[in-house]
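K.L.:
here is a sequence together with a model predicted from it:
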Amino acid sequence: MVKDDNQIKEARFKAIVDCNSFYCSCERVFRPDLMNKPVVVLSNNDGCIISQTDEAKSLGLKMTGPYYQAKPLIEKHNVAVFSSNYNLYGDMSQRVMQTLKIFAGEKNVEVYSVDESFLNLIQVPDAQLFEFCLTIKKTVEQWTGVAVSIGTGPTKVLCKVANRLSKKDKKGTNGVVVLDTEEKIREALLQTPVGDLWGVGRRYDIKLQQQGLHTAWDLRNMNEEWGRKNLGGVVGVRLIRELKGQSCLEMKDPLEVKKMIATTRMFGRQVTELKYLREAVATYTARAAEKLRRQHCCAKTMQVFVVVNDYASTYKYNPETFALHSILPTATSVTHELMQYALPLVEKLYKKGSRYLKAGIILSDLVPQSCIQSNLFNDIATNTDQSLMETIDNINCSMRDDAVKFVSSGLTRHWKMRQELRSSRFTSRWNELKEVT
DNA sequence: TCTGGGGTCCTAGGACCC
DNA sequence: TCTGGGGTCCTAGGACCC
């Protein structure tokens, strides 16, 4: 059904498939008793709400609002609360995406985030767009238990507009909105506040409002030069064109690799000792190195940063970031080599008496493993190192997190984040399988 | 007491070169 | 009164996304 062609062809219509309240939906799959009940999922460290169901939303809970502020409301209405369980969500995400690939063809699915994919609707006759999307929606729900909403249009921005409308009125639209005529597009844009557009954040929203532009339709009717001047150069031009139905944001090759890899975390409690700061950064380095190896890349630049909260003088929450970077003599993905550069940076950053809230490592300047430029004075990672890394990755992947780890990452991990309300990893750990009684 | 973790793209401006 | 022109590369920072 789908043509096997190396070139990604741009279809006349695209779609975006977006999982409804994704993290909450995943939790509900294993807790059917929570169907139609309010559910929220918290960020790492149980800091704030990052996913909520419609029921929770209608109670007035705010997305990305701090958990402690929402707590009274949550308790009053008996809202189910979960810490985030990324093993579960990652696995459920793959199942959803697999299903989409069966329908649209592997090459026509661009996985945009853990819960969203763009589809290139090639070879779907215009008259059947709605039916096609509805079938996808029903199948995903049947096979994975996760409900999705689908928006279809000639450009990615218009798909997003359609998707928003399909979510706003799930019953009326069946969760599918197709913008395939000028009239429907106009109607949709008139109903979309300009600040809800994909590509318009808080700053631009304020700016647009000040200029008297309130709906997406208002923005669509501005000329491109105005967009270039006022909305970040070519970014603004593209946005206006996409609103007019001229596709500027092409489908991306799914095989593209990341350009930077970061691992950063808030600490479960404030850290003041160098020892723990080192452990944390060593742990993040190991994690980042794993991500690096998974995409078969090596990094040439490494940045370490810490966030301190020295409010002793001001009595205010006033986080400040300090960063240092190193350029490695040779790009590498070997954990202990990366640590060898990361740890001295931590030591340089550390100030006695400071209170640390967060730390992180960013690897950039990534190059494919196959074409590492070797440095005259350094051997590239020996084969032994490479196979050691492979072995560790295999064990950690099949057994459990960090079955094998480096001593520098610490054994007690006092600084680890809180995840008091995490559900089981039903789909990725044998010993956490759901039991049916 | 207490507010996530990862990414992308773009621009402006400085350094440097011929 | 007047101080070239054009190009590249790099970095910091801003804006956005989920």
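P.N.:
Nice, I can see it. Keep in mind that what you see is a predicted model, and the values were worked out from it rather than measured.
K.L.:
CA atoms for contacts and neighbours, from now on please.
P.N.:
Noted.
K.L.:
which helix or strand contains the residue lying closest to residue A:393 once chain neighbours are set aside?
P.N.:
Nearest residue to residue A:393 in three dimensions, chain neighbours excluded: residue A:290, at 7.1 Å (Cα to Cα, 6 or more residues apart in numbering). Using DSSP states H and E, residue A:290 maps to helix A:274-294.
K.L.:
so is the next helix or strand along the chain from that helix next to DNA strand B?
P.N.:
Once the chain leaves helix A:274-294, the next helix or strand it forms, by DSSP H and E, is strand A:297-308. No: judged by Cα under 7 Å from any atom of the strand, strand A:297-308 stays clear of DNA strand B, getting no closer than 10.1 Å.
K.L.:
and the angle for whatever helix or strand comes next after strand A:297-308 with helix A:274-294?
P.N.:
Using DSSP H and E, the helix or strand that follows strand A:297-308 in sequence is strand A:320-332. Per axes from the mean of the first three to the mean of the last three Cα atoms, to 10 degrees, the angle that strand A:320-332 makes with helix A:274-294 is 50 degrees.
K.L.:
which pLDDT value goes with residue A:374?
P.N.:
We have a pLDDT of 56 for residue A:374.
K.L.:
how about residue A:411?
P.N.:
pLDDT at residue A:411 comes out at 67.
K.L.:
re earlier: now the helix holding residue A:290: average pLDDT?
P.N.:
On average, helix A:274-294 scores 93.
K.L.:
starting at the chain centroid, how far to it?
P.N.:
20 Å (Cα atoms, centre = their mean, to the nearest Å).
K.L.:
which parts of the stretch 101-250 of chain A sit against DNA strand B?
P.N.:
A:232, A:233, A:234, A:235.
K.L.:
in CSV, list the residues you listed along with secondary structure and pLDDT.
P.N.:
Below are those laid out as CSV (DSSP: H, G, I helix; E, B strand; the rest coil; pLDDT from 0 to 100):
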residue, secondary structure, pLDDT
A:232, coil, 88
A:233, coil, 90
A:234, helix, 92
A:235, helix, 93
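K.L.:
near DNA strand C, which of these show up?
P.N.:
residue A:232.
K.L.:
work out for me the element residue A:55 sits within.
P.N.:
With DSSP H and E as the test, residue A:55 turns up in helix A:54-58.
K.L.:
give the contact list for the residue nearest to residue A:393.
P.N.:
A:333, A:335, A:393 (Cα atoms under 8 Å, 6 or more residues apart in numbering).
K.L.:
dump the C-alpha coordinates for the helix holding residue A:290 into PDB.
P.N.:
Output of helix A:274-294 as PDB, limited to C-alpha atoms (Å, rounded to 0.1, in the frame of the first residue of the first chain):
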ATOM      1  CA  LEU A 274      31.200  18.300  47.100                       C
ATOM      2  CA  LYS A 275      31.100  14.500  47.500                       C
ATOM      3  CA  TYR A 276      27.400  14.400  46.600                       C
ATOM      4  CA  LEU A 277      27.700  16.900  43.800                       C
ATOM      5  CA  ARG A 278      30.300  14.800  42.300                       C
ATOM      6  CA  GLU A 279      28.200  11.700  42.600                       C
ATOM      7  CA  ALA A 280      25.300  13.300  41.000                       C
ATOM      8  CA  VAL A 281      27.200  14.600  38.000                       C
ATOM      9  CA  ALA A 282      28.900  11.300  37.600                       C
ATOM     10  CA  THR A 283      25.500   9.600  37.500                       C
ATOM     11  CA  TYR A 284      24.200  12.100  34.900                       C
ATOM     12  CA  THR A 285      27.300  11.600  32.900                       C
ATOM     13  CA  ALA A 286      26.800   7.900  32.800                       C
ATOM     14  CA  ARG A 287      23.200   8.400  31.700                       C
ATOM     15  CA  ALA A 288      24.100  10.900  29.000                       C
ATOM     16  CA  ALA A 289      26.800   8.600  27.700                       C
ATOM     17  CA  GLU A 290      24.200   5.800  27.400                       C
ATOM     18  CA  LYS A 291      22.000   8.100  25.400                       C
ATOM     19  CA  LEU A 292      25.000   9.000  23.300                       C
ATOM     20  CA  ARG A 293      25.900   5.300  22.500                       C
ATOM     21  CA  ARG A 294      22.300   4.500  21.700                       C
END
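K.L.:
note down every partner strand of the helix or strand hosting residue A:367 and its orientation.
P.N.:
Assigned by DSSP H and E, residue A:367 falls within strand A:356-368. Using DSSP bridges, the strands paired with strand A:356-368 in its sheet are strand A:260-271 (antiparallel), strand A:297-308 (antiparallel).
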